[in-house]
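Enquirer: Pasted the sequence and its predicted model underneath.
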Amino acid sequence: MGPVTALSYVLPHRFLSSLARRLAYSETPAIRRWLIATVVRKFGVDLSEAAESDAGAYSSFNAFFTRALKPGARTPESDPAALLIPADGHISQCGEIAPLGNGDGRIFQAKGRSFTVAELLGDESAARVFADGVFATIYLSPRDYHRVHMPWTGHLRETVHVPGRLFSVGADAVASVPRLFARNERLVCHFDTDFGPMCVVMVGALLVSGVETVWSGVEIPAYGDRITRKDYRGRGIVLERFAEMARFNYGSTVIVLLPKNAAALSTALEPERPVRLGQRLADKSTGGAD
């Protein structure tokens, strides 16, 4: 375990993330210019693809960090049967969800570490349908485009805000912190699709103080001490394949869960492989989920 990861066990996560949020939204010229210049330099951010390529034109660091791309900078896989990578980043892990005897499933994290679907979703009953399905975990670094798009067309059914810690989600933390993604604060988004349920989980991290959705705006914060559910059934919120669904206000992780027989993950995906929004995530099965 690296020193930063070890230190994160005792750091005041929410205080630091609240402080980072205040800085990120500051429109004070000296603050925003320094933050943007530091991230561009340290992480090699490519602004040539951004709708606004002038780093000095952004009103705040958060406006820069959640920047839009130029039209056509990302395009969806042309095969209409292909589910899509939802964000720029790299594959942390992907594969089959190992079924457990109690109807739950287990998701591989790294180096012998794993967590259950029920722990991730904060819901045992919702986890059962994914128990022997597939998953993909995509890590977004500070240099990446931070808007998350739909892997497949879905009808929004419910969101679940699960409060938790805010550990880093960097490679060292993923390898060292047990059940990391099931411990960090997260927004679980449940969709109904033509192959059955699909879940997209937005996982927060240290210095990540916000998740926003296109249908409800800011979801995290406010921080909470209990699970909060929002029922969207009957509201007719349908998001098309490749449409923007949410954004992070700093780098973090997206986890996609698909049920058994719904789709087969692309054989090109493997841990640490760089990926871009719109690339092939999986191929939809012709028969759909059981």
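Expert: Cool, the structure landed.

Enquirer: Every contact and neighbour count from this point should use C-alpha atoms.
Expert: OK.

Enquirer: isn't Cys161 right next to Thr228, touching?
Expert: Cys isn't right for residue 161; it's His. Yes - with contact defined as C-alpha atoms under 8 Å, His161 and Thr228 form a contacting pair (5.1 Å).

Enquirer: how about stretch 47-64 as CSV, C-alpha atoms only?
Expert: As requested, C-alpha coordinates have been extracted for stretch 47-64 and formatted as CSV (Å, rounded to 0.1, in the frame of the first residue of the first chain):
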residue,chain,number,x,y,z
LEU,A,47,-7.7,20.7,-25.3
SER,A,48,-7.7,20.4,-29.1
GLU,A,49,-10.8,18.2,-28.9
ALA,A,50,-12.7,20.5,-26.5
ALA,A,51,-15.6,22.7,-27.7
GLU,A,52,-13.6,25.6,-26.0
SER,A,53,-9.9,25.0,-26.6
ASP,A,54,-8.8,28.2,-24.8
ALA,A,55,-8.0,27.2,-21.2
GLY,A,56,-8.3,30.8,-20.1
ALA,A,57,-11.9,31.1,-21.3
TYR,A,58,-13.4,28.8,-18.6
SER,A,59,-15.2,30.6,-15.8
SER,A,60,-14.1,28.1,-13.2
PHE,A,61,-12.0,25.0,-12.8
ASN,A,62,-15.2,22.9,-12.7
ALA,A,63,-16.4,24.4,-16.0
PHE,A,64,-13.0,23.4,-17.5
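
Enquirer: about what we covered before: neighbour count: His161 and Thr228, which is higher?
Expert: When His161 and Thr228 are compared for neighbours, His161 comes out ahead with 24 against 12, by other C-alpha atoms under 10 Å.

Enquirer: buried set for stretch 279-289?
Expert: Judged by neighbour count (16 or more other C-alpha atoms under 10 Å), stretch 279-289 contains these buried residues: Gln279, Arg280, Leu281, Ala282, Asp283, Lys284, Ala289.

Enquirer: so how many other residues sit close to Gly95?
Expert: By the measure other C-alpha under 10 Å, the count of residues near Gly95 is 19.

Enquirer: any idea of the pLDDT on it?
Expert: pLDDT recorded at Gly95 is 95.

Enquirer: again, but for the one 4 residues further on
Expert: Looking at Pro99, its pLDDT reads 90.

Enquirer: partner residues bridging it?
Expert: On the basis of DSSP bridges, Pro99 is bridged to Gly105.

Enquirer: Surely it and Ile107 touch.
Expert: No - counting by C-alpha under 8 Å, Pro99 does not reach Ile107; the two are 9.3 Å apart.
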